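Engineer: Predicted coordinates and the sequence they were generated for:
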Amino acid sequence: MSGPGFTPQPLPQWRRAVLKIGSSLLAGEGGLDPRHAAGIARFIAESRAKQREVVLVSSGAVAAGRSRVASGGDGLVLRQALAALGQASLVSFWQQLLDAPVAQVLLTHDDLRNRRRYLNARATLRELLRLGALPVINENDTVAVDELKLGDNDNLAAAVASLVDADLLLIATDIDGLYTAHPQRDPDAVPITQVERVTPELLAAAGGAAGVLGTGGMRTKLEAAAKAATAGIATALFCGRDEAVVSALAKDELRGTLVRAQGDRLRARKQWLRHAPASGCLRIDEGAASALHRRGASLLPGGVTGVEGDFRRGDVIEVVSVAGAAPLARGLAQYGADEIRRIVGRHSNNIETVLGFRYGESVIHRDDLVLLEVAE
């Protein structure tokens, strides 16, 4: 869908982005069609050449599965089966378009709500990015009974952007962006280049199969942008069918709609850590306390002197120096209380020897830790 042109504007500075592409840009008569995806793949390759990281949230598994069997119908169970059939084809489709190794990651909303599973998913994605792979994420449609619905990958992409601490959320659509009215029905429709805040009125105007501001999928995209904005992440909506628009992204130029972030993403995350209920406490020595404050380091087991409470991996816990009574930090536990008790005072290299497994070298990673004595 095209309408009046969007004035080019600079993209926010970014090092890591989540890019969501919907099935309307991928599905063809014979399954998955690379016509529009090839341009997206070039943008990903050019971004990676600039030492940037991209995480791809890709629809298209159902369309890919439908091309492999004579299915008929469109029931929920059938769509789940088609998604299972199409996942391998979807990953192969992207691998053929990219030189980078492609990794499939299937998530459900439960993976993002449960703190332990959240940490597991984030650790895996971090490691894939470290290895130079391109994570291709999709909802696990085969088991996500309630969530398998049109547009859900938009909200999944927003959740993934927060999960991986992205700087930017990119949503490729089949329209140019957001308008003041439906561009095909109202000749006076004007492009909305920037949105400062997603309001209830804006969502209502974009809702429905024939929304005032665009087609049926625009509401879910604005919902996703609102969630990303709350986490301090800006969202760019652009037309993935327009080769010039996609090529401009590689030059940090957006020809679409930018939904601005509400504050700093790290500030938003740390504010949550400050106020979330704590499930336990770690006591640490002066060396560890100094490392946290002076170097912004992660908390390693060697600096822990005591464990209080019964908490699990992913719970919020407080950190207290042996020399003080007031908490000096709060963060997410990378290990449960009983596990940390077994590795107290030990070198990180010995974690797997003692526990038989290893989630990482720290008991609280610096990205999951907020210092209470430092003004944010």
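Structural biologist: Arrived safely, thanks for sending.

Engineer: Name all residues that make contact with Leu328.
Structural biologist: By Cβ atoms under 8 Å, 6 or more residues apart in numbering, the contact set of Leu328 is Ala289, Leu292, His293, Val319, Val320, Ser321, Leu371, Leu372, Glu373. C-beta here means a position set from N, CA and C on the backbone, and glycine is covered the same way.

Engineer: Looking at the residues you listed, which is nearest Val190?
Structural biologist: The shortest approach to Val190 among these belongs to Leu371, at 46.2 Å (Cβ to Cβ).

Engineer: correct me, but that closest one touches Ser290?
Structural biologist: No - in this structure, Leu371 is not within contact of Ser290 by Cβ atoms under 8 Å, at 11.9 Å.

Engineer: Pull out the buried residues from stretch 165-181.
Structural biologist: By neighbour count with 16 or more other Cβ atoms under 10 Å, stretch 165-181 contains the buried residues 165-179, 181.

Engineer: Same question for stretch 189-197.
Structural biologist: Within stretch 189-197, the residues that count as buried by 16+ other Cβ under 10 Å are Ala189, Pro191, Ile192, Thr193, Val195.

Engineer: Could you tell me the end-to-end distance of stretch 255-273?
Structural biologist: Taking Cα to Cα, to the nearest Å, the first and last residues of stretch 255-273 lie 36 Å apart.

Engineer: what number of residues lie near Asp188?
Structural biologist: Using other Cβ atoms under 10 Å, Asp188 has 9 other residues around it.

Engineer: what about it, which SS state?
Structural biologist: Under the three-state scheme (DSSP: H, G, I helix; E, B strand; the rest coil), Asp188 adopts coil.

Engineer: more crowded one of Leu371 and Ser290?
Structural biologist: Leu371 (17 against 14).

Engineer: If the closest residue to the more buried one other than its chain neighbours is in a bridge, with which residues?
Structural biologist: Spatial nearest neighbour of Leu371, excluding adjacent residues (Cβ to Cβ, 6 or more residues apart in numbering): Ala329 at 5.1 Å. For Ala329, the beta-bridge partners are Val319, Leu371 (DSSP bridges).

Engineer: how close does Ala329 get to Trp272?
Structural biologist: Note on Ala329: its distance to Trp272, by Cβ to Cβ, to the nearest Å, is 14 Å.

Engineer: what stretches of this protein score poorly on pLDDT?
Structural biologist: 1-4, 73, 109, 141-151, 207-216, 265-269, 373-376 (pLDDT under 70).

Engineer: if we can go back for a sec, would you list the contacts of Leu328 in TSV and tack on distance to Ala205?
Structural biologist: Listed next are the contacts of Leu328 as TSV, based on distance: Cβ to Cβ, whole Å:
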residue	distance to Ala205
Ala289	52
Leu292	47
His293	48
Val319	46
Val320	50
Ser321	53
Leu371	42
Leu372	42
Glu373	46
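
Engineer: ok, so of the residues you listed, who is nearest Ala261?
Structural biologist: Checking the contacts of Leu328 one by one against Ala261 (Cβ to Cβ), the nearest turns out to be Leu371, at 22.8 Å.

Engineer: Look at Glu352 and tell me its secondary structure.
Structural biologist: Following three-state DSSP, we place Glu352 in the helix state.

Engineer: Repeat that for the one 10 residues further on.
Structural biologist: Counting by three-state DSSP, the backbone at Ser362 sits in coil.

Engineer: Tell me who's in contact with the closest residue to it other than its chain neighbours.
Structural biologist: Nearest residue to Ser362 in three dimensions, chain neighbours excluded: Ser298, at 3.7 Å (Cβ to Cβ, 6+ apart). Counting by Cβ under 8 Å, 6+ apart, Ser298 touches Glu361, Ser362, Ile364, His365, Arg366, Leu369.

Engineer: Could you rerun that using 10 Å?
Structural biologist: By Cβ atoms under 10 Å, 6 or more residues apart in numbering, Ser298 lies in contact with 288, 291-292, 331, 334, 348, 360-369.

Engineer: which of those are buried?
Structural biologist: Buried subset of those (neighbour count, 16+ other Cβ under 10 Å): 288, 291-292, 331, 334, 348, 360, 362-366, 368-369.

Engineer: So which of the residues you listed is the closest to Thr257?
Structural biologist: Nearest member of those to Thr257, counting by Cβ to Cβ, is Asp368, at 32.2 Å.

Engineer: do you know how far the closest one is from Val91?
Structural biologist: Taking Cβ to Cβ as the measure, Asp368 falls 30 Å from Val91.

Engineer: Repeat that for Val195.
Structural biologist: 33 Å.

Engineer: Go ahead and list the helix or strand containing the residue nearest to the spatial centre of the chain.
Structural biologist: Compute the mean C-alpha point of the chain, and by Cα atoms, centre = their mean the closest residue is Val160, 1.7 Å away. Using DSSP states H and E, Val160 falls within helix 152-163.
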